[in-house]
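Enquirer: structure here, sequence nowhere to be found:
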C-alpha cells in the first residue's frame, strides 16, 4: 500500500509505517496541481494543512482509500465528498488535546494575573504593582462550548481549582465529572469565562458575534483555542471597548489562511485590519500563533495516533 506524505511530521510516523510494510513517499514541495497528476498512484495520504483537499483533488485520487490528517480539524478536506467516494478520514484529536488544555489554562491564568503586561513593563524599567493586581480563578464559573476531546481536556485541567465548570454542546448527554452539561441560555447566564473548543462548521463560523456576546448576563473573559472564524473580530473589539468582554486569549484569528501556517500572504502583511490592530495593542488581550496544540510532546502523539489508526484499519497485508 502506497502512502504519500504531503507535510513533514515526526519521524516515527514514516519509520513505523515502513516497519509495518507500507510504501512511503514524501513530497513537501510540489504544487497542488502537480500532486494531482500523480495522486492516482497512491492509496493513502498523510497531510497536516498544506492545502485544501477538494472535489477536483479527490476526483484525481482514483485509488485513494484514506486521508490521514495529523491534527484535530478536518475543515481543509471536503469531508462529504470524500465519504461519498468511500475515502476514510483519519484525524488525531487525541494527540494534542492535552496540549490544548494546558495552553488554554495558561492563557487564562496569564490574563487574570496580567502577566504579559507586567512582564513587558518590568523589562521597560517600570515597577507598577497596584496597576498589575490580578484576580483569582477560584469562585468563578467557566463555560465551555464544544465538549469533545479539547473541551474535556481543558475541563480536566480545571479540577485543581475551586471553580464551577459547565459545558454546552450540540450532542446530548456528554457531561461528565469534570463539567455539567447545560443549555446555551444557562451557560450565558452563569459564565465568567467562556472557552471555545468547537470545530469549524456552518454552525460555528461567526458564532461569537454581537448578538451572542450581548446574550451573556455579565461581562466575561473569552478564550479561543479552536478556530479563528468562530469569532467576528470587529464585534469582539467593540465588546472589549464596552467592557462586555473583560479580556481575550486568542490562539486563533479570523484572518488565518486555510493552511493555518500563516496569517497573511506577503502582499497583505502591511495591510493589518483595524480590528486586528486593536487586538495587537490591547493590554487585556493575549495572542499566540495557532500553537495551542503545538508542543514537543503533541508532535509525537499526533504522529503515533495516525500510525495506530492506519495500522488498525489498513494493515499492508490486505493489499
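Expert: Alright, I've got the coordinates. If you're wondering where the values come from, they're calculated on a predicted model, not measured in any experiment.

Enquirer: leaving out chain neighbours, which residue sits closest to the residue sitting nearest the centre point of the chain?
Expert: Central residue of the chain (C-alpha atoms, centre = their mean): residue 226, 3.5 Å from the mean position. Spatial nearest neighbour of residue 226, chain neighbours left out: residue 196 (4.5 Å); criterion: C-beta to C-beta, 6 or more residues apart in numbering. Every C-beta, even on glycine, is put in place using the N, C-alpha and C of the backbone.

Enquirer: who's in contact with the one you found?
Expert: By C-beta atoms under 8 Å, 6 or more residues apart in numbering, residue 196 lies in contact with 145, 146, 208, 222, 223, 224, 225, 226, 227, 230, 231.

Enquirer: ok, 6 Å please
Expert: 145, 224, 226, 230 (C-beta atoms under 6 Å, 6 or more residues apart in numbering).

Enquirer: for residue 26, same thing?
Expert: So residue 26 contacts residue 5 (C-beta under 6 Å, 6+ apart).

Enquirer: how does it look with 10 Å?
Expert: Residue 26 makes contacts with 3, 4, 5, 6, 7, 8, 14, 46, as judged by C-beta atoms under 10 Å, 6 or more residues apart in numbering.

Enquirer: what about those, which are in strands?
Expert: Taking DSSP state E, the ones among the contacts of residue 26 that sit in strands are 3, 4, 5, 46.

Enquirer: might one say that the last one is in contact with residue 68?
Expert: Just to be clear, that refers to residue 46. Yes. When contacts are counted by C-beta atoms under 10 Å, residue 46 is listed as touching residue 68 (4.2 Å).

Enquirer: got any residues that touch both of those two?
Expert: With C-beta under 10 Å, 6+ apart as the test, residue 46 and residue 68 both reach 3, 5, 6, 9, 13, 17, 90, 303, 306, 307, 310.

Enquirer: packing partners of the helix or strand harbouring the last one?
Expert: Here residue 310 sits within helix 296-313, counting by DSSP states H and E. Applying 3 or more C-beta pairs under 10 Å, 6 or more residues apart in numbering; DSSP states H and E, we find helix 296-313 packed against helix 11-19, strand 44-47, strand 66-69, strand 88-90, helix 93-112.

Enquirer: if we use 6 Å, what do you get?
Expert: Under the contact definition 3 or more C-beta pairs under 6 Å, 6 or more residues apart in numbering; DSSP states H and E, helix 296-313 sits against helix 11-19, helix 93-112.

Enquirer: angle of the shortest one against helix 296-313?
Expert: An angle of 20 degrees separates the directions of helix 11-19 and helix 296-313 when computed by axes from the mean of the first three to the mean of the last three C-alpha atoms, to 10 degrees.

Enquirer: list the neighbouring strands of the helix or strand just after helix 11-19 plus their orientation.
Expert: Using DSSP H and E, the next helix or strand after helix 11-19 towards the C-terminus is strand 23-26. Here strand 23-26 has these sheet partners by DSSP bridges: strand 2-5 (parallel).

Enquirer: in the partner strand, what's buried?
Expert: Neighbour counts over strand 2-5 (16 or more other C-beta atoms under 10 Å) mark 3, 4, 5 as buried.

Enquirer: distance check, the second one against residue 111.
Expert: Okay, so that is residue 4. Plainly put, residue 4 is 42 Å away from residue 111 if you go by C-beta to C-beta, to the nearest Å.

Enquirer: for the buried residues of strand 2-5, give me CSV that also has distance to residue 156 and pLDDT.
Expert: Listed next are the buried residues of strand 2-5 as CSV, based on distance: C-beta to C-beta, whole Å; pLDDT from 0 to 100:
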residue, distance to residue 156, pLDDT
3, 34, 97
4, 36, 97
5, 32, 97
